[in-house]
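Novice: Below: sequence and its predicted model.
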Amino acid sequence: MGPLVVNEIISPETNLFFAFIIGIAFGFVLEINGFSSSRRLAGMFYGYDTTVLKVFFTAAIVGMIGILFLSLFGMLDLSLIYINPTFLWSAIGGGVIMGAGFILGGYCPGTSFAAASIGKLDALAFIGGLFIGIFIFAEGYPLWEGFYEAKDLGYPLLNNLIGTSRGMMTFLIILVALAMFWVGEWAEKKFARADYKINQH
Amino acid sequence: MTKDNNPKMYMNPYLGGALLGLVLVFAFWVSGRGLGASGAPKSLIVAGVEAVAPAHASTATFYKEYGSAKENPWKAWLVFQMMGVVVGGFISGAFAGRLKFEVEKSPKITNKIRIIFALIGGILFGFGSQLGRGCTSGSALTGMAVLSVGGFVTMAAIFGTAFGLAYFARKLWI
């Protein structure tokens, strides 16, 4: 049955409407978890607030399990969903540059839009930077095109790399995530700050 | 006011993460793709350059490869999704009483310093998101959910670098 648009159950126009609805849910969840706060996001890297770790990895494992079960019940054809290609050098290089941007800027692109929506002016500056950075990449593209296209591995999946099933891979990642949640809870007690309060249920 | 009925409190992070995961699964079920963010400003830049400098857009490699010859950038899925993000974030902030113009920062630095570093961070993140074929949402989170090796590599590179540089950037945050 799914993906609905690929199987022509909904039209491309309806798909764009759903993109808007999905975006509302995405932005709502980001904001209600405090991803609209740069100090909360940056807290991840000093241990005083590890919400990023908890939300990000819970979302990733729920995503993995959900996609797995929809596929098992015949509701989602995994051969029709978009898989990110892996170009190894640019994945690492891009990630390193993004990591530097994260710790200096305090946001990532999605969270900066959620933060700007509630009036964070530092998020607006970050968004301005995003446009400049993307424009620089586009204009200078011939300079880094070789690096961008290098080490094309196709569409490898982690379970194939390790040589196990999709289900077992998901199970192993859940175990790793649980261990990281435990570290996160420990860090929030160890690195708690007098000038910062974690304000959540 | 007791802890549980403070309207400005954030959601429990594990519950919030589970909801985010369900939004991601719904996106795959409807559209066959996950969440993203950096693709939306890219589409707007491509559309902007095509409108302002069509001659340049028709010769420069990047615009030829990602321009309207392949997809109308104004009708890109991620542009609609990001418009939704702004609306959804606003709704949550309005209900929680968090709508306020402010610059968020460590008490040790000035607003000006914070804005300058936010701009620099944005430039780096914008550039890196293009090189890495997606940001924390599109490459790391969505890539991991479909078990893409690239998703895990990008996630490790983003978080590893941010941890590695945290000491040098500490005055911005603590």
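Specialist: Ah, there it is.

Novice: What strand or helix carries the residue nearest to the spatial centre of chain B?
Specialist: By C-alpha atoms, centre = their mean, chain B has its centre lying nearest to residue B:37, at 4.3 Å. According to DSSP states H and E, residue B:37 maps onto no helix or strand at all.

Novice: Near the spatially closest residue to residue A:60 that is not a sequence neighbour, how many other residues are there?
Specialist: Nearest residue to residue A:60, sequence neighbours excluded (C-beta to C-beta, 6 or more residues apart in numbering or on different chains): residue B:144, at 4.5 Å. All C-beta spots, glycine's among them, are computed from the backbone N, C-alpha and C. Here the count is done by other C-beta atoms under 10 Å in any protein chain shown, and residue B:144 has 27 residues near it.

Novice: what about the host helix or strand of residue B:154 and chain A, any contact?
Specialist: Using DSSP H and E, residue B:154 maps to helix B:149-166. Yes: part of helix B:149-166 sits near chain A under the criterion C-beta under 8 Å from any C-beta of the partner chain, namely B:149-166.

Novice: ok, residues contacting the helix or strand harbouring residue A:115?
Specialist: Residue A:115 belongs to helix A:109-117 when assigned by DSSP H and E. Helix A:109-117 has contacts (C-beta atoms under 8 Å, 6 or more residues apart in numbering or on different chains) with A:26-27, A:30-31, A:35-38, A:41, A:105, A:107, A:122-124, A:126-127, A:130, B:35-38, B:41, B:82, B:85-90, B:93, B:104, B:122, B:125-126, B:129, B:135-137.

Novice: Go again with 7 Å.
Specialist: With C-beta atoms under 7 Å, 6 or more residues apart in numbering or on different chains as the test, helix A:109-117 has contacts from A:27, A:30-31, A:35-36, A:38, A:41, A:107, A:123-124, A:126-127, A:130, B:37-38, B:82, B:85-86, B:89-90, B:93, B:125, B:129, B:135-137.

Novice: Number of residues surrounding residue A:68?
Specialist: Residue A:68, neighbours per other C-beta under 10 Å, totals 19.

Novice: tell me the SS of it?
Specialist: With DSSP: H, G, I helix; E, B strand; the rest coil as the basis, the three-state label of residue A:68 is helix.

Novice: Show me the helices in chain B, by range?
Specialist: Under the criterion DSSP state H, chain B contains helices at B:13-31, B:39-52, B:54-59, B:61-66, B:77-96, B:111-131, B:142-145, B:149-166, B:170-173.

Novice: Going by mean pLDDT, which of those comes out lowest?
Specialist: Comparing mean pLDDT across the helices of chain B, the weakest is helix B:61-66, with a mean of 86.

Novice: That helix close to chain A?
Specialist: Yes: on the criterion C-beta under 7 Å from any C-beta of the partner chain, helix B:61-66 is in touch with chain A at B:61, B:62, B:63.

Novice: So for chain A, which residue is the most central one in space?
Specialist: residue A:56 (6.8 Å).

Novice: Mind telling me what element that residue is part of?
Specialist: According to DSSP H and E, residue A:56 maps onto helix A:51-72.

Novice: Which strands or helices does that helix pack on?
Specialist: Packed against helix A:51-72 by the contact rule (3 or more C-beta pairs under 7 Å, 6 or more residues apart in numbering or on different chains; DSSP states H and E) you find helix A:166-190, helix B:13-31, helix B:142-145.

Novice: which of the ones you listed sits most buried?
Specialist: Most buried of these by mean neighbour count (mean count of other C-beta atoms under 10 Å in any protein chain shown) is helix B:142-145; its value is a mean of 28.

Novice: Might you report the residue contacts of the nearest residue to residue B:138 once chain neighbours are set aside?
Specialist: Distances taken as C-beta to C-beta, 6+ apart put residue B:36 closest to residue B:138, at 3.4 Å, once the chain neighbours are dropped. Counting by C-beta under 7 Å, 6+ apart, residue B:36 touches B:78, B:81, B:134, B:137, B:138, B:142.

Novice: Make a markdown table out of those and add distance to residue A:141.
Specialist: Shown next, in a markdown table, are the contacts of residue B:36 (distance: C-beta to C-beta, whole Å):
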| residue | distance to residue A:141 |
| --- | --- |
| B:78 | 20 |
| B:81 | 25 |
| B:134 | 17 |
| B:137 | 23 |
| B:138 | 19 |
| B:142 | 24 |
